[in-house]
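# Give me a model of this one.
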Amino acid sequence: MAPGEPFRDRHRQQIERARAEAADRYGLPVAVFVGTVHSRASAEAMLARLGPEAAETVLVAVDPASRRVEVVTGAAARSRVDDRVAALVTLSMTASFAVGDLAGGIALGVRMLGEHAGRARR
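Numbers count the residues shown, from 1 in each chain. Purely as a prediction, here's the structure:
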């Protein structure tokens, strides 16, 4: 996918399937944002705008143009997804991005977050 090119339907579906699995199977809501991410603080503000559900949610914010990825956890989600896991997920996603697979990298990251949160919950 060329930079700036919108996701095709199959890419959106791939990401949505991963989000649904994280929520349904592991009880972890994951929000995904692809666009301009100026800083970690701007990603945290995006998460806060989700309102009451922000505490339980993990936000994956990806800015392909600036090659920035932020994984931000709400207060309750932080007990299930710590900084070490977020860093590992980010590394895995960026490896996929490096070979041109933006949607696949995002879906992989969302699946990894859910799987880890599921293990942490038990």
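# how far away is L102 from R119?
Relative to R119, L102 is positioned 27 Å away (C-beta to C-beta, to the nearest Å). Bear in mind the C-beta positions are built from the backbone N, C-alpha and C, glycine included.
# neighbour count winner among these two?
Taking other C-beta atoms under 10 Å, L102 and R119 do not tie; L102 has more neighbours (19 against 11).
# sec struct for the closest residue in space to R68 that isn't next to it in sequence, please.
Nearest in space to R68, with sequence neighbours left out and distances taken as C-beta to C-beta, 6 or more residues apart in numbering, is V37 at 5.0 Å. Of the three states, V37 takes coil under DSSP: H, G, I helix; E, B strand; the rest coil.
# got the contact list for V37?
By C-beta atoms under 8 Å, 6 or more residues apart in numbering, the contact set of V37 is A43, A61, V62, D63, S66, R68, E70.
# Likewise for R19?
R19 sits next to V30, V32, V110 when contact means C-beta under 8 Å, 6+ apart.
# And it, how far from V58?
Separation of R19 from V58 (C-beta to C-beta): 10 Å.
# on that earlier part again, I'd like the distance from the residue nearest to R68 to T94, if you could.
Taking C-beta to C-beta, one finds V37 at 14 Å from T94.
# Repeat that for L59.
Distance, L59 to T94, by C-beta to C-beta: 17 Å.
# More neighbours: those two, which one.
More neighbours surround L59 than the other of L59 and T94, with 23 against 14 (other C-beta under 10 Å).
# Tell me how far the more buried one lies from V34.
If you measure L59 against V34 using C-beta to C-beta, the figure is 12 Å.
# ok, back up a step: what do R19 and V58 both touch?
Counting by C-beta under 8 Å, 6+ apart, the contacts common to R19 and V58 are V30.
# count of neighbours near the closest residue to A77 other than its chain neighbours?
Nearest non-adjacent residue to A77, counting by C-beta to C-beta, 6+ apart: V58, 5.1 Å away. Neighbourhood size, V58 [other C-beta under 10 Å]: 27.
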